[in-house]
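>>> Okay, sequence plus prediction incoming.
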Amino acid sequence: MRLFGGFLAACCAAFGLAASAAEVERPPQFIVFSYDNCTELDRWRELISFSEEMNRDSPRVHFTFFVSGTNFLADRKRHIYSGPRNPAGASKINFGGPPEDIRARIELINRAHGDGHEIASHAVGHFDGRQWSAADWSQEFSIHRSLFQNIARNNELEDSASFAFPAAEVAGFRAPYLSTSPGLFEAMRESKFAYDASGVGHAHEWPDKKDGIWRFNLASLRIAGSGKMTLSMDYNFYVAQSGAFNNPSQHALFREQMQSTYMNYLRANYTGNRAPVHIGHHFSTFQGGIYNQALLAFARTVCGLPEVKCVTYTKLVQFMESLDPERLAAYRKGEFPRATFPAFDLVRASTQ
Ligand SMILES: [Zn+2]
């Protein structure tokens with residue numbers, strides 16, 4: 001299609017022929033790793049140094065961070081925030097800690113952004129918005145933007161304690177609890193978001209754009225070595241594997257199951273229709289941190305393999321926008337020469 005697209009379109013339209021499978025080039029295998037909430041400073045440091053090491057010679061992995069707006073307000077300034085249908089100072093998650101944590105977080109976020117990672121939004125107070133109107137969502141989005149822009153003043157920090165990039169670059173959203181309402185998408189359009197990552201879908205689905213917003217879905221997966229289904233998200237493994245109870249005697253098994261499940265997900269898509277792989281985690285250390293160890297071991301194993309691109313959601317949006325409808329339809333059906341899975345060195349998760 002790249003070489004002969006114009007010619008084929010002209011010839012085949014004239015002769016009423018369908019485009020043949022052989023003309024469509026195989027798309028890359030995208031993998032998007034994302035994190036929600038993004039409060040803990042140690043986790044920022046760990047992920048920044050992990051990716052700096054991975055990307056030393058050439059870019060291999062970039063993350064998308066869905067940052068909650070409470071991270072932009074020191075605890076003692078919490079009254080500045082009034083969430084939709086909630087009193088001033090209320091939130092379902094922690095605020096940003098002492099002012100020195102706010103300053104450190106700004107520096108880390110600026111460094112992550114400068115390294116090519118994406119900063120996106122996870123709303124502010126982590127409320128369940130399934131009953132929210134478009135106006136409620138718009139209010140929450142504009143507060144997130146305002147907290148981002150006024151972080152120095154709100155926290156009585158020096159002016160240099162500010163983000164090094166504009167709030168307009170925050171182009172993506174994931175809803176707390178993945179709880180959406182019809183008004184969300186109206187509010188997202190008004191606030192000029194490019195994509196929503198709150199959905200759930202099948203592992204082999206290519207993304208859709210609906211009402212001007214790209215929809216990226218976490219995948220429904222069967223946990224390797226068990227009959228259980230879960231989502232491609234750490235918290236959902238935690239619930240499915242242990243009923244959300246810490247169980248140290250099972251840590252090695254649970255970590256191994258997650259890593260194998262992600263490998264199965266990638267292998268099926270890589271050798272199938274190349275639908276992007278979506279993996280969403282949190283900064284929290286459920287089950288003693290084994291899930292983050294599994295994710296990093298998986299990333300180390302696969303990011304950099306031939307045709308694999310571990311990119312941010314904004315990069316995936318750019319790719320999706322570059323496709324014409326016929327090509328995307330061919331991708332959905334897997335109408336291109338299929339690949340076999342490349343040889344790889346399995347990196348085992350370590351506890352550091
Ligand atoms: Zn969350």
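Ah, there it is. Numbering: from 1, shown residues only.

>>> Enumerate every residue touching Met188.
137, 141, 173, 196, 213 (Cβ atoms under 8 Å, 6 or more residues apart in numbering). Backbone N, C-alpha and C define where each C-beta goes, glycine included.

>>> Now do the residue of the stretch 51-200 of the chain found nearest the ion against His144, distance only.
Nearest residue of the stretch 51-200 of the chain to the ion (Cβ to the ion) works out as Pro176 at 4.6 Å. From Pro176 over to His144 the distance is 12 Å, taken as Cβ to Cβ, to the nearest Å.

>>> Who has more neighbours out of these two?
The residue with more neighbours, out of Pro176 and His144, is His144; 25 against 21, by other Cβ atoms under 10 Å.

>>> The more buried one in helix, strand or coil?
Put simply, His144 is helix when judged by DSSP: H, G, I helix; E, B strand; the rest coil.

>>> quick one: the strands in the protein?
Shown for the chain, the strands assigned by DSSP state E span residues 29-37, 63-67, 118-121, 172-173, 195-202, 208-210, 213-222, 229-231, 277-282, 308-310.

>>> Which pLDDT does the model give the closest residue to the ion within the chain?
Ranked by Cβ to the ion, the top residue of the chain for proximity to the ion is Asp36, at 4.1 Å. Per-residue pLDDT puts Asp36 at 97.

>>> Quick check: it touching Gly280?
Yes: using Cβ atoms under 8 Å, Asp36 is in contact with Gly280, at 6.5 Å.

>>> Identify the contacts common to these two.
Going by Cβ under 8 Å, 6+ apart, residues that sit against Asp36 and also against Gly280 are Arg174.

>>> Counting residues, name the longest helix you see in this protein.
helix 251-271 (DSSP state H).

>>> Would you mind pulling up the elements that that helix packs against?
Here helix 251-271 touches strand 29-37, strand 213-222, helix 234-242, strand 277-282, helix 290-302, going by 3 or more Cβ pairs under 8 Å, 6 or more residues apart in numbering; DSSP states H and E.

>>> Give me the residues contacting the second one.
Outside of strand 213-222, the residues within contact range by Cβ under 8 Å, 6+ apart are 32, 178, 185, 188-189, 193-197, 199-203, 205, 207-209, 228-233, 261, 264-265, 276-280, 313, 316-317, 320.

>>> Return the set of buried residues in it.
Along strand 213-222, the positions that meet the burial threshold by neighbour count (16 or more other Cβ atoms under 10 Å) are 213-219, 221.

>>> How about the third one?
For helix 234-242, burial by neighbour count (16+ other Cβ under 10 Å) applies to 234-241.

>>> Closest one to His62 out of the residues you listed, please.
Asp234 (18.9 Å; Cβ to Cβ).

>>> The closest one and Thr261, how far apart?
12 Å.

>>> Let me see the contact set for Ile93.
37, 39, 68, 70, 125-126.

>>> can you tell me which two in these are farthest apart?
Farthest pair in the contacts of Ile93 (Cβ to Cβ) is Thr39 and Gly125. Separation: 13.0 Å.

>>> Compare those two (neighbour count), which wins?
For Thr39 versus Gly125, neighbours defined as other Cβ under 10 Å are more numerous around Gly125 (24 against 21).

>>> For that one, give its distance to Phe286.
21 Å.

>>> Quick check: residues of this structure near the ion?
Contact residues (Cβ under 5 Å from the ion) of the chain with the ion: 36, 176.

>>> Now tabulate the helices and strands packed on helix 251-271 in TSV and tack on distance to Lys309.
Output for the helices and strands packed on helix 251-271, formatted as TSV (distance: least, Cβ to Cβ, whole Å):
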stretch	distance to Lys309
strand 29-37	5
strand 213-222	15
helix 234-242	22
strand 277-282	10
helix 290-302	11
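
>>> For Thr340, find the nearest of those.
Taking the helices and strands packed on helix 251-271 one by one with Cβ to Cβ, strand 29-37 is closest: 12.5 Å.

>>> so what secondary structure elements neighbour the closest one?
Applying 3+ Cβ pairs under 8 Å, 6+ apart, we find strand 29-37 packed against strand 63-67, helix 251-271, strand 277-282, helix 290-302, strand 308-310, helix 313-321.

>>> angle of that strand against strand 213-222?
90 degrees (axes from the mean of the first three to the mean of the last three Cα atoms, to 10 degrees).
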